[in-house]
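Engineer: generate a structure from the sequence data that follows.
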Amino acid sequence: MNDGVNGVALAVFIFFFVLVTAMGFMAARWRRAANDQSLDEWGLGGRSFGTWVTWFLLGGDLYTAYTFVAVPAAIYAAGAAGFFAVPYTILVYPLIFTFLPRLWSVSHKHGYVTTSDFVRGRFGSKGLSLAVALTGILATMPYIALQLVGIQAVLDVMGVGGGEDTNWFVKDLPLLIAFGVLAAYTYSSGLRAPALIAFVKDTLIYIVIAVAIIYIPIKLGGFDDIFAAAGDKFTESGNGGLVPDHGGQWTYATLALGSALALFMYPHSITATLSSRSREVIRRNTTILPLYSLMLGLLALLGFMAIAAGVKVENGQLAIPQLFENMFPDWFAGVAFAAIGIGALVPAAIMSIAAANLFTRNIYKDFIKPDATPAQETKVSKLVSLLVKVGALVFVLGMDKTVAINFQLLGGIWILQTFPALVGGLFTRWFHRWALLGGWAVGMVYGTVAAYGVASPTQKHFGGSSDEIPGIGEIGYIGLTAFVLNVLVTVVLTFVLRAAKAPDGVDETKPSDYTADAGDPGVQVELPPATAGTSH
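Structural biologist: Residues are numbered from 1 along each chain as shown. The predicted structure is shown next:
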């Protein structure tokens, strides 16, 4: 690592950072509507994005700092177990093909902005809607934190922020700067900012990956030497080589399956989905988004390349930025660092907007100010988007950043508990609203307590996301175990409540709503009574 600042790389990084910041503010005038004081405009980009904009925007949910920093870092530290991110992004596409178009259609028909809007409309339960909203906000904050960790990692490698002995303010100053820039243009431009920046972000990412996957192996003697070096390291460290042992295979499989189920439960994934202009746009994107997974597999190999290149870092999150600095000319290292930094800004912006929409629609409007006007909703969302980023900073400053991938996996434990209400509700009304709430509560409590009890060498609590599976004895992803408990409790309670003839909520949707498209005759957006303002 450089003893001083890498001036050339930093200059290139700053150039791209300033470029996308300017684009973020300019985005306020991109496709601007006559009335931009509504959540449809600020929080969903006017529901106007076509196939390519939606593809870049949804891709921004996949190619984050988590992808560029945390996944290769996990492979650098633990070996092939870190590749769980590749199969889970393959498993997720057939899954979302079945339910995302249905969610888009019913949301378009009724003017839903969030998943909680749909849950409230489908089950007639503000309590269940509140539970989904609070879970979405809670799960989003550590995910935003991971993006800020990615920015800090590249700045650390470039020599910005000082070393481990530097006082906390100087060391965390890069995070504060990133927070300020992100907060400013998100407040100003809403979802249009990350949608526009995503074009630059993905272009840089594809360039960097294409160069890295060809250039670095040539310098290191080829993939044979890379895998041999990685195999030697893991054999010596007792990690079982390049393939997980029997116990590790359970962890790998449950992480992959649980993460696949959780990915499109996150509020930012749904926000990007609902911003598209038609049902067909969503269907097309589920077929072309796997291109991102192809690149993810190549990107993950950078963890092995860092081992073969002799990269030595105490904080594994610095491994890939350090690899880039060691292997590339300074100017191209700056391009790579910019790709990581911008790759953090885009999803962080979408995440903060999505969490703010949840608060505004399903907490502020439902419980605090039911007669809020569209302009008031937009103002509250803008302010809350700032507070969400502050919450993410608390995660960053309060948790061990050397295992940043746990930030995302911890959020996954929580957000997975909304799956029965959201996806189940898209296909059946059989689940009782109180049963769904009971199952959610059991899953949340079990998942949080189990994760709290996991220790790591550097952290007493929340040190990992895997623990022993009750009744099986194998180590698996806590989120999936909590999800199974959630479903079991929901099913049992539904039988009990149906038998007791417990009152059911009013379903404001009808079967045809789930297949409606923007171009269908007679299909118009209608606001539900709970969100329609004083005119109702």
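Engineer: so after the helix or strand of the chain with the lowest mean pLDDT, what's the next helix or strand?
Structural biologist: One helix or strand of the chain scores below all others by mean pLDDT, DSSP states H and E: helix 65, with a mean of 67. Per DSSP states H and E, the first helix or strand lying C-terminal to helix 65 is helix 71-78.
Engineer: now do that following helix: everything it contacts.
Structural biologist: With contacts defined as CB atoms under 8 Å, 6 or more residues apart in numbering, helix 71-78 is touched by 81-83, 85, 239, 296, 299-304, 306-307, 311, 316-317, 319-320, 404-405. The way it works is simple: take the backbone N, C-alpha and C, and place the C-beta from them, glycine included.
Engineer: what's the first helix or strand after that helix?
Structural biologist: helix 85-110.
Engineer: return the distance of that following helix from the chain's centre.
Structural biologist: How far helix 85-110 lies from its chain's middle: 15 Å, per CA atoms, centre = their mean, to the nearest Å.
Engineer: tell me which other helices or strands the following helix or strand past that helix touches.
Structural biologist: Later in the chain than helix 85-110, the nearest helix or strand by DSSP H and E is helix 115-123. If you count contacts as 3 or more CB pairs under 8 Å, 6 or more residues apart in numbering; DSSP states H and E, helix 115-123 packs onto helix 85-110, helix 126-157, helix 419-427.
Engineer: got the buried residues for the helix or strand W440 falls within?
Structural biologist: According to DSSP H and E, W440 maps onto helix 433-452. Neighbour counts using 16 or more other CB atoms under 10 Å place 433-440, 442-444, 446-448, 450-451 of helix 433-452 among the buried residues.
Engineer: what's the neighbour count on the closest residue to W42 other than its chain neighbours?
Structural biologist: Ranked by CB to CB, 6 or more residues apart in numbering and with sequence neighbours excluded, the top spatial neighbour of W42 is G190, at 3.6 Å. Number of residues near G190 (other CB atoms under 10 Å) recorded here: 28.
Engineer: closest one of the buried residues of helix 433-452 to A229?
Structural biologist: For those, the residue nearest A229 by CB to CB is A451; the value is 33.6 Å.
Engineer: before we move on, back to that, residue contacts, the residue nearest to W42?
Structural biologist: G190 neighbours (CB under 8 Å, 6+ apart): A28, E41, W42, G43, G45, I353, K382.
Engineer: report the two of these separated the most.
Structural biologist: G45 and K382 (14.7 Å).
Engineer: ok, how many other residues are close to A499?
Structural biologist: With other CB under 10 Å as criterion, A499 counts 8.
Engineer: in three-state terms, label D517 for me.
Structural biologist: coil (DSSP: H, G, I helix; E, B strand; the rest coil).
Engineer: give me the nearest residue to it, chain neighbours excluded.
Structural biologist: Leaving aside its chain neighbours, D517 sits nearest to R279 (4.3 Å; criterion: CB to CB, 6+ apart).
Engineer: and the one you found, how many neighbours?
Structural biologist: Neighbours of R279 (other CB under 10 Å): 22.
Engineer: got it, and E474?
Structural biologist: 16.
Engineer: more crowded one of G45 and K382?
Structural biologist: G45 (31 against 19).
Engineer: can you redo the helices and strands packed on helix 115-123 as TSV with mean pLDDT and mean neighbour count?
Structural biologist: Output for those, formatted as TSV (pLDDT from 0 to 100; neighbours: other CB atoms under 10 Å):
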stretch	mean pLDDT	mean neighbour count
helix 85-110	90	20
helix 126-157	86	26
helix 419-427	96	21
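Engineer: indicate which one of the ones you listed is closest to T251.
Structural biologist: helix 85-110 (12.9 Å).
Engineer: what is that closest one packed up against?
Structural biologist: Helix 85-110 packs on helix 115-123, helix 246-263, helix 267-274, helix 279-288, helix 290-300, helix 419-427, going by 3+ CB pairs under 8 Å, 6+ apart.
Engineer: change it to 6 Å
Structural biologist: Packing contacts for helix 85-110, counted by 3 or more CB pairs under 6 Å, 6 or more residues apart in numbering; DSSP states H and E, involve helix 246-263, helix 279-288, helix 290-300, helix 419-427.
Engineer: quick one, helices of the stretch 401-536 of the chain?
Structural biologist: 405-415, 419-427, 433-452, 478-499 (DSSP state H, counting those that start in this stretch).
Engineer: what residues does the third one touch?
Structural biologist: Among residues not part of helix 433-452, those counted as contacts by CB atoms under 6 Å, 6 or more residues apart in numbering are 123, 125, 128, 131, 413, 417, 420-421, 461-462, 467, 478, 482, 485-486, 489-490, 493-494, 497, 505.
Engineer: for that helix, C-alpha coordinates in PDB please.
Structural biologist: Output of helix 433-452 as PDB, limited to C-alpha atoms (Å, rounded to 0.1, in the frame of the first residue of the first chain):
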ATOM      1  CA  ARG A 433     -53.300 -11.300   8.000                       C
ATOM      2  CA  TRP A 434     -52.700 -12.000  11.700                       C
ATOM      3  CA  ALA A 435     -50.900 -15.200  10.800                       C
ATOM      4  CA  LEU A 436     -48.600 -13.400   8.500                       C
ATOM      5  CA  LEU A 437     -47.900 -10.900  11.200                       C
ATOM      6  CA  GLY A 438     -47.200 -13.700  13.700                       C
ATOM      7  CA  GLY A 439     -44.900 -15.500  11.400                       C
ATOM      8  CA  TRP A 440     -43.000 -12.300  10.600                       C
ATOM      9  CA  ALA A 441     -42.500 -11.600  14.300                       C
ATOM     10  CA  VAL A 442     -41.200 -15.100  15.000                       C
ATOM     11  CA  GLY A 443     -38.800 -14.900  12.000                       C
ATOM     12  CA  MET A 444     -37.500 -11.500  13.000                       C
ATOM     13  CA  VAL A 445     -37.000 -12.400  16.700                       C
ATOM     14  CA  TYR A 446     -35.300 -15.700  15.900                       C
ATOM     15  CA  GLY A 447     -33.100 -14.200  13.100                       C
ATOM     16  CA  THR A 448     -32.000 -11.200  15.200                       C
ATOM     17  CA  VAL A 449     -31.200 -13.200  18.400                       C
ATOM     18  CA  ALA A 450     -29.300 -15.900  16.400                       C
ATOM     19  CA  ALA A 451     -27.300 -13.300  14.500                       C
ATOM     20  CA  TYR A 452     -26.600 -11.400  17.800                       C
END
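Engineer: any idea how far it is from the chain center?
Structural biologist: 21 Å.
Engineer: so for it, mean pLDDT?
Structural biologist: Helix 433-452 comes out with an average pLDDT of 95.
Engineer: for A355, see how far away H268 is.
Structural biologist: Distance of H268 to A355, given as CB to CB, to the nearest Å: 8 Å.
Engineer: these two: which is more packed in?
Structural biologist: The residue with more neighbours, out of H268 and A355, is A355; 32 against 29, by other CB under 10 Å.
Engineer: show me what contacts that one?
Structural biologist: A355 touches I137, T140, P267, V388, counting by CB under 6 Å, 6+ apart.
Engineer: and the pLDDT at the residue nearest to the first one when sequence neighbours are not counted?
Structural biologist: Here the nearest residue to I137 in space, its sequence neighbours aside, is A355; by CB to CB, 6+ apart that works out to 4.7 Å. Per-residue confidence (pLDDT) for A355: 91.
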